[in-house]
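**Q** generate a structure from the sequence data that follows.
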Amino acid sequence: MALLISLPLFLLPINLFAGEIIIVRNLVEIKEQAPLSLSYFIGLGYDPADMTEIKDFYLLRQGYILAVVLILGIPFLAAYRVFLGNKKNR
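**A** Next up, the predicted model:
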């Protein structure tokens, strides 16, 4: 189940996760908050030509929390629901 949820998040450019982008313009670094996709971190979902002024990008705490909840939390809750349903039927 976790694989079914994480595959689209890592393979499709779905900008759901709070992040920060560091842009360098005229030797000045600008930090800009923007929603990011997990696919950016494995090199998918963006055009390298668009990254010329981008020095770095990373997730913020809220982005990490949402990623953990989606990838681990939802499958855990689904498994727990099935477990309780099986336990009730015994």
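**Q** mind listing the helices for the protein?
**A** For the chain, the helices defined by DSSP state H cover 2-11, 61-68, 74-89.
**Q** list the contacts of the residue nearest to I30 when sequence neighbours are not counted.
**A** The shortest distance from I30 to any non-neighbouring residue, by Cβ to Cβ, 6 or more residues apart in numbering, is to I23 (4.6 Å). Quick note: C-beta positions are derived from backbone N, CA and C, even for glycine. I23 makes contact with E29, I30, K31, E32, E53, I54, K55 under the criterion Cβ atoms under 8 Å, 6 or more residues apart in numbering.
**Q** take these and lay them out in a markdown table including pLDDT.
**A** As requested, the contacts of I23 are exported to a markdown table (pLDDT from 0 to 100):
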| residue | pLDDT |
| --- | --- |
| E29 | 96 |
| I30 | 96 |
| K31 | 97 |
| E32 | 97 |
| E53 | 93 |
| I54 | 94 |
| K55 | 94 |
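**Q** including neighbour count, could those residues go into a markdown table?
**A** A markdown table is the format used below for these (neighbours: other Cβ atoms under 10 Å):
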| residue | neighbour count |
| --- | --- |
| E29 | 10 |
| I30 | 11 |
| K31 | 10 |
| E32 | 11 |
| E53 | 12 |
| I54 | 15 |
| K55 | 12 |
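**Q** any regions of the chain where pLDDT drops low?
**A** By pLDDT under 70, the chain has no low-scoring segment.
**Q** measure the spatially most central residue of the chain to Y58 for me?
**A** In the chain, the residue lying closest to the centroid (Cα atoms, centre = their mean) is L38, at 3.8 Å. The gap separating L38 from Y58 is 12 Å, by Cβ to Cβ, to the nearest Å.
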